[in-house]
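Peer 1: Next comes the sequence, and after it the predicted model I'd like to discuss.
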Amino acid sequence: MTSIQGILIACFLMAAILASIAFRSRLVYRLLAVVLFLSATVFVFFPDLTTVIARSLGVGRGADLLLYLSLIAGIHIALLLYRRTRELERRMAQLVRAAAIRDAQMNPQ
Amino acid sequence: MERCDVFVVIPAFNENSVIGSTVADIVNRGYTAVVVDDGSTVPVENFLIGLPVYRLRHAINLGQGAALRTGSDFALLKGARIIVHFDADGQHDPALIERLIAPIRSGKADVALGSRFLTDSDSHEVPAVKRVLLKAGVFVSWVFTGMWLSDAHNGFRALSRAAAEKIRLEENGFAHATEILELVRRSRLTWVEVPVTIHYTDYSRGKGQSVLNSFNILIDLMLRRLFH
């Protein structure tokens, strides 16, 4: 095992553990994290596999395929987070507005 | 319908004493005023001492759209028959409220939208840069709602109780002006444009929308389409 392989495996393992803690109540996400970890490990030990897959998709190198995939994943994550932020903002606004109506006052004259 | 059944909702954010005279003028005419302080640093109530108005305050700043919704919800709870949206910065003339709500009183329309471009004298009041921007706004509104108006983002408008019950703003920021039109359209409400004079002062100009902010509003509108 080369040192980069060791580093990568350690990082993936850490990410998988964190993900399974973060998604404790969501089984699908947890399983997805495990599947991602396992396939990442396979590719770390057999890097040539990525090139085989890339070639079959018409991409020159395995590293390029990974780059494209991570780009798509990155955009997807950004959109998911944006949607979640909007939802949080909406709920916060509901709270603030409800409190304002509850505490409404007629000015003393 | 009594004048006190007409609720004038005034969103306020970091205002100065101008709001005091604006609100005084409104209540002296017999309307019910609802001031929604949108989380101002210096609470707006300091400028409203002695005025018979309802005061509501957002704990944090949410945006004008949210303040209008809070004020409207409250007005509906208090039995408002007509709800008027009114700016705090002295741009709007309380004397024109009666003209604005006339089509609603007579049952001619559910929603009355103020327009700066229906008479020559009104449109001359609008600064040139603003005029170009507003015409672009008219086009954008048309793209998003299919309604071709003479004015865009004019905050002076009135809604019947039935219309206000249907128009539930989700847009917290300034995109609410287009959102209102969307909801008017979707709820098949009848609407009419009413000529209003907008008085531009240095103070109101400082508080108004900058050119840059119009792009923000446009992006808000597009995101709204994507995520709703």
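Peer 2: Happy to help now that I have it.
Peer 1: What's opposite residue B:12 in the beta bridge?
Peer 2: Listed by DSSP bridges, the beta-bridge partners for residue B:12 are residue B:37.
Peer 1: where does it land on pLDDT?
Peer 2: pLDDT for residue B:12: 94.
Peer 1: Same question for the one 4 residues further on.
Peer 2: Residue B:16 is assigned a predicted lDDT (pLDDT) of 85.
Peer 1: ok, the closest residue to residue B:104 other than its chain neighbours - how many residues close by?
Peer 2: With Cβ to Cβ, 6 or more residues apart in numbering or on different chains as the criterion, residue B:104 has its nearest non-adjacent residue at 4.9 Å, and that residue is residue B:160. All C-beta atoms are positioned from the backbone trio N, CA, C, and that covers glycine. Residue B:160: 23 surrounding residues under other Cβ atoms under 10 Å in any protein chain shown.
Peer 1: Contact partners for residue B:160?
Peer 2: Each residue near residue B:160 by Cβ atoms under 8 Å, 6 or more residues apart in numbering or on different chains is listed here: B:81-82, B:104, B:110-111.
Peer 1: Who wins on neighbours among these?
Peer 2: Ranked by neighbour count (other Cβ under 10 Å), the contacts of residue B:160 have residue B:104 at the top, with 27 neighbours.
Peer 1: How far away from the center of its chain is the helix or strand encompassing residue B:181?
Peer 2: Assigned by DSSP states H and E, residue B:181 falls within helix B:176-186. Its chain's average C-alpha position is 13 Å from that of helix B:176-186, according to Cα atoms, centre = their mean, to the nearest Å.
Peer 1: And chain A, is that helix touching that?
Peer 2: No: Helix B:176-186 lies apart from chain A when judged by Cβ under 8 Å from any Cβ of the partner chain; the minimum separation is 11.9 Å.
Peer 1: That helix: what's the following helix or strand?
Peer 2: strand B:191-195.
Peer 1: For that following strand, buried residues please.
Peer 2: By neighbour count on 16 or more other Cβ atoms under 10 Å in any protein chain shown, the buried set for strand B:191-195 is B:191, B:193-195.
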